[in-house]
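Engineer: With the input below, show me the fold.
(6 chains)
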Amino acid sequence: MLLHTLNRPPTSQVLAQALAGMGPDDKLLLIEDGVIGALPAHRERFGRVAGRLYALQEDLESRGLLSLRDEAVRVVDVGGFISMTETSERTVSWY
Amino acid sequence: MLLHTLNRPPTSQVLAQALAGMGPDDKLLLIEDGVIGALPAHRERFGRVAGRLYALQEDLESRGLLSLRDEAVRVVDVGGFISMTETSERTVSWY
Amino acid sequence: MRYAILLLDAPYTSQASHSALRFTRALLARGHDVEGVFFYHDGVHNAARLAAPPQDEPHLVDAWAELAREHGVPLQVCIAAALRRGLLDEQEAARHGKEGASVAPPFELTGLGQLVDLGLRCDRLITFGP
Amino acid sequence: MRYAILLLDAPYTSQASHSALRFTRALLARGHDVEGVFFYHDGVHNAARLAAPPQDEPHLVDAWAELAREHGVPLQVCIAAALRRGLLDEQEAARHGKEGASVAPPFELTGLGQLVDLGLRCDRLITFGP
Amino acid sequence: MQDTASPAELMVILRHAPHGSSWLKEGLDVALVAAAFDRRVTLLFMGEGITALLEGQQAGPLGQKGTAPTLAMLEMYDIDNLLVEQRGMDELGLTSDQLMLPVRGVGDAEISRLVASHVLVLNF
Amino acid sequence: MQDTASPAELMVILRHAPHGSSWLKEGLDVALVAAAFDRRVTLLFMGEGITALLEGQQAGPLGQKGTAPTLAMLEMYDIDNLLVEQRGMDELGLTSDQLMLPVRGVGDAEISRLVASHVLVLNF
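Structural biologist: Just a heads-up that it's a prediction; the model follows:
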């Protein structure tokens, strides 16, 4: 199981590249501008990784997005981010 | 009549932004990585500016795209680029 | 016509600097006035005095300086964007207690008001972004 | 675990440097080893000795240097990416006939081989891009 | 209050989200400087730039201020022509009551008319 | 020729077009250095990165070399595992006979398997 990070908004074609690189058990963590993807309006774009989608708490908070996020997106703070890198075989960053 | 330049590939959402900003007589000039949009496979994406789509010759050439371009895309060199800025009221750059 | 150029990316990161330089040279060759090249955002890196690209690549910092010397084109660098990116002339280095400088004439550090002035005063402003 | 960090963008252009610094600090607080931070592409600007951000913004260059001093984290800057972007230490400046330097210890200019070595040697490599 | 009949001068288009990059901040700085020089400024928020207007923004991870404090100052600079791209609002699933400032939604046709009617249009 | 049974090491994903930015060149440099240190390297060209492989590329406007000469050297470095994203090929409307090097097209499932099977995966 790999961890993938995405720091681009969901309208970027980088999302499609990240999804192409993800295996069936891999997790996707949205960071930086990527957390815009946690808005409910974008749920369909992440359909392929439903249940495996995470967003970084600090980046949601600084953007005023924490209370607006889709509840299906799991929220982790930087400590949780580190835990995810520990328990994943490796981390691939998409930017 | 305005001139708009686009230096991002056609898969970028910047294309949609440029098209939103364009009036019915404005011209669109593809430069730098934007010239990938001159490939016939991308013709539909530029349907709204059919007949008003240009690409910079030097940037097509350096990428090996000059002979592969859609024939409906007009080719101008840097001198032609300057002429277009002269004859347009102003130039808006989308990047 | 009176032209101004706005350049928004660094020389060895994207093609923007190449495009801007080529366009500006062609403008001058055609007899247009270029009343200023304004460097903003990462474009301020075009003023990096210490840039040492490989010898088989164009030296863009030197190329801008040559343009200024030969054609009197002002090279205006946004001071706020430059300072945070480590681009200081002698005066700013002294003001910030740093030794040495990374920007030298003909590049001049100036305020954003110059960009607004150039853009509204000239007949054409052409932007080159990343 | 042994971690390495790869940082690919400049400090005041994108959030990448902020994210990398925050992540690295949290790694150290958790007891992990950070065997190196490698600066590549525009990430080399994190080593800009002359960076003078406004006083109410974090000074990222100083923050990296502090991390190196307090935790012994090597700060490795790709020399090829740095030279073309105007980031030279004293030795490289002399070699290129330039006066002054824009990179100082604890940042060290080094080859890309170090990145490959870090990436294959450490348990984890985490990349922060623009 | 400026005379709304005078010709529009600078249009700044903000297309980037806060915190993730410096584009938004640097675009706003141009708008503020122009306004300080008594130029009429129109701001258009497009795409992810719209998220700059969300309520409840905070400092970034290492204490960076973000852009919300700057946006709160726009009125002081007489920048009151704030537009948002309607399609961008729809794509984000946002409504104007979720935004920190009063804005007016505009469609493609109006955006292109605005671009054509300003003396200078700068994208950020 | 290296032993194809040995574990794959470095995978470099090239997603940017030549000339427009330095990403492609800097990604290739990592691949070449790794190969020079006898590491097994896989290159995957995705999206616009595929255009790096087009025939007939030339120097840029001010004489920049571009990346075609570097790509021509890959074989000398024993980098012969060259993959292209099939979807990217289709989107560009290109076929492999238009490319300067022999490549193999791969779909999403194989891309994710490759990403999972390399010791280090770097995106450029």
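
Engineer: How about stretch A:37-47 and chain E, any contact?
Structural biologist: Yes - applying C-beta under 8 Å from any C-beta of the partner chain, one finds stretch A:37-47 touching chain E at A:Leu39, A:Pro40, A:Ala41, A:His42. In this view, the C-beta of every residue, glycine as well, is placed from N, C-alpha and C.

Engineer: Just the CA coordinates for stretch A:17-32, please, in PDB.
Structural biologist: Included here for stretch A:17-32 are C-alpha records, laid out as PDB according to Å, rounded to 0.1, in the frame of the first residue of the first chain:
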ATOM      1  CA  GLN A  17      -2.200  11.600 -13.300                       C
ATOM      2  CA  ALA A  18      -2.300  10.800  -9.600                       C
ATOM      3  CA  LEU A  19      -5.300   8.500 -10.100                       C
ATOM      4  CA  ALA A  20      -3.500   6.700 -12.900                       C
ATOM      5  CA  GLY A  21      -0.600   6.000 -10.600                       C
ATOM      6  CA  MET A  22      -2.700   4.700  -7.700                       C
ATOM      7  CA  GLY A  23      -3.200   1.000  -6.900                       C
ATOM      8  CA  PRO A  24      -6.500  -0.400  -5.600                       C
ATOM      9  CA  ASP A  25      -5.500  -0.100  -1.900                       C
ATOM     10  CA  ASP A  26      -3.400   3.100  -2.100                       C
ATOM     11  CA  LYS A  27      -4.500   6.200  -0.200                       C
ATOM     12  CA  LEU A  28      -4.600   9.800  -1.500                       C
ATOM     13  CA  LEU A  29      -3.800  12.700   0.900                       C
ATOM     14  CA  LEU A  30      -4.800  16.200  -0.300                       C
ATOM     15  CA  ILE A  31      -2.400  18.900   0.900                       C
ATOM     16  CA  GLU A  32      -1.900  22.600   0.200                       C
END
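
Engineer: so does it get close to chain B?
Structural biologist: No - shown here: stretch A:17-32 not in contact with chain B (C-beta under 8 Å from any C-beta), separated by at least 10.2 Å.

Engineer: quick one: the strands in chain E?
Structural biologist: Counting by DSSP state E, chain E has strands at residues E:10-14, E:41-45, E:81-85, E:104-106, E:120-123.

Engineer: repeat for chain A
Structural biologist: Remark: strands assigned in chain A by DSSP E are A:3-6, A:27-30, A:53-56, A:74-76, A:91-94.

Engineer: Chain C too?
Structural biologist: Using DSSP E, strands in chain C cover C:2-7, C:33-39, C:75-78, C:107-110, C:124-128.

Engineer: biggest separation within the residues of stretch A:37-47 next to chain E, which pair?
Structural biologist: Between any two of the residues of stretch A:37-47 next to chain E, the greatest separation by C-beta to C-beta is 7.4 Å, found for A:Pro40 and A:His42.

Engineer: who has more neighbours, these two?
Structural biologist: With neighbours defined as other C-beta atoms under 10 Å in any protein chain shown, A:Pro40 and A:His42 compare such that A:His42 has more, 20 against 14.

Engineer: Just the pLDDT for the closest residue to the more buried one other than its chain neighbours.
Structural biologist: Nearest residue to A:His42, sequence neighbours excluded (C-beta to C-beta, 6 or more residues apart in numbering or on different chains): A:Pro10, at 4.5 Å. For A:Pro10, the pLDDT comes out at 97.

Engineer: quick one, phi/psi of A:Pro10?
Structural biologist: Dihedral pair for A:Pro10: phi -70, psi -10, per degrees, to the nearest 10.

Engineer: repeat for A:Asp77
Structural biologist: Per degrees, to the nearest 10, the backbone of A:Asp77 is at phi -90, psi -180.

Engineer: Quick check: it vs chain B, distance?
Structural biologist: Per C-beta to the nearest C-beta, to the nearest Å, A:Asp77 is found 30 Å from chain B.

Engineer: list the contacts for the residue nearest to that residue when sequence neighbours are not counted?
Structural biologist: Once flanking residues are discounted, A:Asp77 sits nearest to A:Gln57: 4.4 Å by C-beta to C-beta, 6+ apart. With contacts defined as C-beta atoms under 8 Å, 6 or more residues apart in numbering or on different chains, A:Gln57 is in contact with A:Leu66, A:Val75, A:Val76, A:Asp77, A:Gly80.
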